[in-house]
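Participant: Sequence first, predicted model second:
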Amino acid sequence: MAMTQTRGRALLLTPAALWYAALLLLPLAVVLIFSFGERTPIGGYAPGFTLAQYANLPARMAAFRNTLTLAPVGTLAALLIAYPLAYFLAVRVSVRWKTLLLVLVIVPFWTSILIRSYAWIFLLGGKGLPALLASIGFEDIRLLNSPFAVLVGIVYGYLPLMVFPIYVALEKLDLRLLEAAADLGAPPWRSFVQITLPLSMPGVLTGSMLVFILLMGEFLIPAILGGGKVFFVGNALVDLFLQSRNWPFGSAVAVALVVIMLITVAIYTRVVKRYAAGRDDVAMM
Amino acid sequence: MRFYALAVYAFLYLPIGIIALFSFSAGRSASSMEGFSLQWYGRALNNPFVMEALWTSLRVAFVSAVLATLVGTAAALALTGMRGRLRATFDLLVQIAVMIPGIVIGIATLIALVSVFDLVNPWLEQITGWSLALGAGSLIGAHGLFTMSLVVLLVRGRLETLDPALIEASSDLGATPLGTFRQVTLPQILPAILAGFLLAFTFSFDDFVIAFFVAGAETTLPIYVFSSIRRGVTPEINAIGTMVMVASLTLLIIAQLLLRRSQAQRRA
């Protein structure tokens, strides 16, 4: 009986295992191996073991700089916009409307980000926002193909992902705590800073990490709204793999990107753990 | 507070609304509204390039979603109740597949497959006269890798909340394991499986990032839209975009309803 069960399990797992081996583990291993290799004169890969590709990383410094500035700024902007909305949905909205309003936040995230992003070409282009600004006296303002346009695009694209975890955290908030604080004479801002904000912190951290990680790998939004002037590491990868066909160097860039992401996740996990530990102390008191 | 929420919803839906509105324009400019007509929809539906890209996208989305659903459900069934190193390894693989950015999956699949094809094609051509290349197959494989992992998460989540007493009762009453699966387990996890299929289909149909790298000579609809935007937006693209969004919205709503029903069953 136990034998047939084990065999049955193995049979059920085999297709998935093969899929992961062939199209996840093999490709990731190839990227790692190529990143230590050399480039042939016609592009592509020649075997070797050199750190030259990694030494060459500063050549793409601008892409890393843009990514490492706009990803945190975009995450912060999304957080500041998402938090009040999540609070509104979790605390202020009646049960009847809650689900509908929540679904309305999530739905855009699951529709084509390509189409949603290019809509901003209209909104930020000559006849959109700049025309509106011109009508109130600010003339000749160009928004498209600027860091601002990319920032708007990424905040717009990833806002739903930020709202959801914060909402989940705030949903669990016991409103009686706020009432008690008010009864004890705390002004609203104080009960927010001392009760609501700390209790919603897990959601804030999860949302921020999710958005930050996804922003680090972004290339579509800068490609559409950055007009070739504002480019991310993702855009450098497109160039290295599809245009200049410098696979070894492109692999090194990709490995560097993944390493930065892993470091971020590691820091996040530690912060969350320490935070959870701190919470327990408070609970014990 | 209410006005703030309204403003955020406007921010979320204004761009979508603008595209839908402009798609009904009678004029030639993509970024303004002149009169009302359905002509751009007609143009899009009669454009052979659009229809071919749409057909490719539908084929790839359907096949990859079917495979991802089957393989993912099988894996979820095997993983439930399993412990030890194998379980931990699989959990890690699922996590990596979901977390790693699409662009890294795209380039990694591209260079791995091209290298493998370069290696085996000379032999293959000699023996069979055929050779391997990037195309629908690599699209299905790369999309399925991600969506299979989604299916595993969804179905496993549902399986872990099933009442084991039901399965025991069924076998006590003399049902074979297969009979128990068909009559007890399957009906309860079916909504989660269907929702997984719809999410997998939507993901594949909408994906641009991975497809951009592994599509080879094939053109999917998102790739067509992207290259058209590069040449300048036309009202025809607005019409295509509106149709694509309506299609994925419909599928999403059905998936949501299915998941809701599966949650309601859980509570009951």
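Facilitator: Sure thing, it's come through.

Participant: ok, how many other residues are close to residue B:95?
Facilitator: By other CB atoms under 10 Å in any protein chain shown, the residues close to residue B:95 number 12. For every residue, glycine as well, the C-beta is placed using N, CA and C.

Participant: tell me which element it falls in.
Facilitator: Following DSSP states H and E, one finds residue B:95 within helix B:85-99.

Participant: what's that helix packed up against?
Facilitator: helix A:2-20, helix B:48-79, helix B:136-159 (3 or more CB pairs under 8 Å, 6 or more residues apart in numbering or on different chains; DSSP states H and E).

Participant: can you give me how far it is from the chain middle?
Facilitator: From the chain centre to the centre of helix B:85-99 is a distance of 20 Å (CA atoms, centre = their mean, to the nearest Å).

Participant: Which residues belonging to that helix are considered buried?
Facilitator: Neighbour counts over helix B:85-99 (16 or more other CB atoms under 10 Å in any protein chain shown) mark B:90, B:93-94, B:97 as buried.

Participant: so which of these comes closest to chain A?
Facilitator: residue B:93 (4.7 Å; CB to the nearest CB).

Participant: related to what we said a few turns ago, would you list the helices and strands packed on helix B:85-99 in TSV and tack on mean pLDDT and distance to residue A:225?
Facilitator: Shown next, in TSV, are these (pLDDT from 0 to 100; distance: least, CB to CB, whole Å):
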stretch	mean pLDDT	distance to residue A:225
helix A:2-20	86	35
helix B:48-79	96	23
helix B:136-159	95	25
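
Participant: out of those, deepest packed?
Facilitator: Among these, helix B:136-159 has the highest mean neighbour count (mean count of other CB atoms under 10 Å in any protein chain shown), at a mean of 24.

Participant: one step back: minimum distance to residue A:52: which of the helices and strands packed on helix B:85-99 has it?
Facilitator: helix B:136-159 (29.5 Å; CB to CB).

Participant: For the closest one, C-alpha coordinates in PDB please.
Facilitator: What follows is helix B:136-159 as a C-alpha-only set of coordinates in PDB (Å, rounded to 0.1, in the frame of the first residue of the first chain):
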ATOM      1  CA  ALA B 136       5.100  28.400 -30.200                       C
ATOM      2  CA  GLY B 137       6.700  25.500 -28.300                       C
ATOM      3  CA  SER B 138       9.100  27.700 -26.300                       C
ATOM      4  CA  LEU B 139       6.300  30.200 -25.600                       C
ATOM      5  CA  ILE B 140       4.100  27.400 -24.200                       C
ATOM      6  CA  GLY B 141       7.000  26.000 -22.100                       C
ATOM      7  CA  ALA B 142       8.000  29.400 -20.700                       C
ATOM      8  CA  HIS B 143       4.500  30.600 -19.900                       C
ATOM      9  CA  GLY B 144       3.500  27.200 -18.500                       C
ATOM     10  CA  LEU B 145       6.400  27.200 -16.100                       C
ATOM     11  CA  PHE B 146       5.100  30.300 -14.400                       C
ATOM     12  CA  THR B 147       1.400  29.400 -14.600                       C
ATOM     13  CA  MET B 148       1.900  25.800 -13.500                       C
ATOM     14  CA  SER B 149       3.400  27.200 -10.300                       C
ATOM     15  CA  LEU B 150       0.300  29.500  -9.800                       C
ATOM     16  CA  VAL B 151      -1.900  26.400 -10.300                       C
ATOM     17  CA  VAL B 152       0.100  24.500  -7.700                       C
ATOM     18  CA  LEU B 153      -0.300  27.300  -5.200                       C
ATOM     19  CA  LEU B 154      -4.100  27.600  -5.800                       C
ATOM     20  CA  VAL B 155      -5.000  23.900  -5.800                       C
ATOM     21  CA  ARG B 156      -2.700  23.000  -2.900                       C
ATOM     22  CA  GLY B 157      -4.200  25.800  -0.900                       C
ATOM     23  CA  ARG B 158      -7.700  24.300  -1.500                       C
ATOM     24  CA  LEU B 159      -6.600  20.700  -0.900                       C
END
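
Participant: Could you check the angle it makes with helix B:48-79?
Facilitator: Angle of helix B:136-159 versus helix B:48-79, following axes from the mean of the first three to the mean of the last three CA atoms, to 10 degrees, is 40 degrees.

Participant: Past helix B:136-159, which element shows up next along the chain?
Facilitator: Taking DSSP H and E, what comes next after helix B:136-159 is helix B:164-172.

Participant: how far does whichever helix or strand comes after that next one sit from the chain's center?
Facilitator: Next helix or strand after helix B:164-172 toward the C-terminus (DSSP H and E): helix B:177-180. Taking CA atoms, centre = their mean, one finds the center of helix B:177-180 at 31 Å from the center of the full chain.

Participant: Give me the buried positions along the next helix or strand after helix B:177-180.
Facilitator: Next in sequence after helix B:177-180, counting helices and strands by DSSP H and E, comes helix B:186-206. Within helix B:186-206, the residues scored as buried using 16+ other CB under 10 Å are B:188-206.

Participant: Contacting chain A as well, which ones from these?
Facilitator: Restricting those to those within reach of chain A (CB under 8 Å from any CB of the partner chain) leaves B:199, B:202, B:206.

Participant: Residue A:243: which of those residues is nearest?
Facilitator: Residue A:243 lies nearest to residue B:206 out of those, by CB to CB, at 24.8 Å.

Participant: residue contacts, the residue in chain A positioned nearest to chain B?
Facilitator: Per CB to the nearest CB, residue A:217 is where chain A lies closest to chain B, at 2.6 Å. Counting by CB atoms under 8 Å, 6 or more residues apart in numbering or on different chains, residue A:217 touches A:233-234, A:257, A:261, B:101-104.

Participant: okay, it: pLDDT?
Facilitator: Note for residue A:217: predicted pLDDT of 91.

Participant: Now do it against residue A:80, distance only.
Facilitator: 22 Å (CB to CB, to the nearest Å).

Participant: Which pLDDT does the model give the residue in the stretch 51-200 of chain B positioned nearest to chain A?
Facilitator: Residue of the stretch 51-200 of chain B nearest chain A, by CB to the nearest CB: residue B:101 (2.6 Å). As predicted, residue B:101 sits at a pLDDT of 88.

Participant: One more: residue B:252?
Facilitator: At residue B:252, pLDDT is 83.

Participant: ok so, going back, next one: phi and psi at the residue of chain A closest to chain B?
Facilitator: Backbone dihedrals for residue A:217, given as degrees, to the nearest 10, come out at phi -100, psi 10.

Participant: quick check: mean pLDDT across stretch B:170-186?
Facilitator: Mean predicted lDDT for stretch B:170-186 stands at 86.

Participant: Buried residues of that stretch, list them for me.
Facilitator: Those would be B:170, B:175, B:180, B:184-185, for stretch B:170-186 by 16+ other CB under 10 Å.

Participant: Of all pairs in the residues you listed, which one spans the longest distance?
Facilitator: Going by CB to CB, the pair spanning the buried residues of stretch B:170-186 furthest: B:175 and B:185, at 10.9 Å.

Participant: Need the contact partners of stretch A:135-149.
Facilitator: Residues contacting stretch A:135-149 (CB under 8 Å, 6+ apart): A:66, A:70, A:120-121, A:124-126, A:128-130, A:133-134, A:225-230.

Participant: which of these count as buried?
Facilitator: A:66, A:70, A:120-121, A:124-125, A:128-130, A:225-226, A:230.

Participant: Those: which two are farthest apart?
Facilitator: A:66 and A:128 (23.8 Å).

Participant: Now residue B:35. Its backbone dihedrals?
Facilitator: phi 70, psi -170.

Participant: any idea how far it lies from residue A:51?
Facilitator: 63 Å.

Participant: Following the chain onward from the helix or strand of chain A with the lowest mean pLDDT, which element is next?
Facilitator: The helix or strand of chain A with the poorest confidence is helix A:129-135; it has a mean of 78 (mean pLDDT, DSSP states H and E). Following helix A:129-135 in sequence order, the next helix or strand is helix A:147-171 (DSSP H and E).
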